[in-house]
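> quick check, what structure comes out for this input:
(one chain, ligands or ions: 1)
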Amino acid sequence: MDGILLQDRLPLPEEWEELRRTTNWGDRTTDEYRIALQGTLFGVCALDGQKIVAMARVVGDGALCFQIQDVIVDPSYQGKGIGTMVIEHLLEAIQTSALPNSSVYLFASKGKEAFYRRFGFLDRPCEDCGPGMALCAANIIYPNRCK
Ligand SMILES: CC(C)(COP(=O)(O)OP(=O)(O)OC[C@H]1O[C@@H](n2cnc3c(N)ncnc32)[C@H](O)[C@@H]1OP(=O)(O)O)[C@@H](O)C(=O)NCCC(=O)NCCS
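Numbers count the residues shown, from 1 in each chain. Sure thing, here's the model as predicted:
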């Protein structure tokens, strides 16, 4: 999209917070953003002038496992190809450090599966793989606290 600049960097905690507020994913504390960013491999931000309009980041071991997380495009900028630019950019970055047996994972939000299929992501379960599974960490100690 014209005028949108991609930057090879992670968002600042406050930029991430600003974008996350546009979703219904719930709040995080500034400390949680800061600590999570410290443990992130790399990310991409899209800017319209000074304004951050999209972000995504990659966590993992930097060799065999890469997980795409927190893909967010500001709602007033959605449908203009920015999400595609962001994912393509991350996949190119992953390709530079990927090994022959590396895998790229993500959890699609409900209704976003088709967006990711465009890049070659496969739905699980499939013939060869079981379903993706997740556990809210609060439930490790307090079962069923988080549903
Ligand atoms: C999902 C999201 C990242 C897509 O970003 P975007 O910038 O709007 O997507 P693009 O404009 O690059 O869309 C590219 C194509 O994917 C399609 N697409 C976008 N969202 C889609 C969806 N939910 N289902 C199917 N197709 C979708 C578009 O129609 C477009 O198709 P076209 O090229 O034929 O016109 C964005 O809607 C978003 O940030 N949503 C809120 C947060 C979120 O749910 N993130 C995903 C977490 S898993």
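
> which strand or helix spans the residue in the chain positioned nearest to the ligand?
Nearest to the ligand, among the residues of the chain, is Gly83, at 2.2 Å (CB to the nearest ligand atom). (C-beta placed from N, C-alpha, C; glycine too.) If you go by DSSP states H and E, Gly83 is part of helix 82-97.

> doesn't Phe119 make contact with Glu113?
No - with contact defined as CB atoms under 8 Å, Glu113 and Phe119 do not form a contacting pair (11.6 Å).

> and those two? which has more neighbours close in?
Shown here are Glu113 and Phe119; by other CB atoms under 10 Å, Phe119 has more neighbours (14 against 11).

> which strands or helices does the lowest-mean-pLDDT helix or strand in the chain pack on?
Here the helix or strand of the chain ranked lowest by mean pLDDT, DSSP states H and E is helix 138-141, holding a mean of 81. With contacts defined as 3 or more CB pairs under 8 Å, 6 or more residues apart in numbering; DSSP states H and E, helix 138-141 has no helix or strand neighbours.

> what's opposite Val104 in the beta bridge?
Phe66 (DSSP bridges).

> list the contacts for it?
Phe66, Gln67, Ile68, Leu91, Ile94, Ala98, Phe121 (CB atoms under 8 Å, 6 or more residues apart in numbering).
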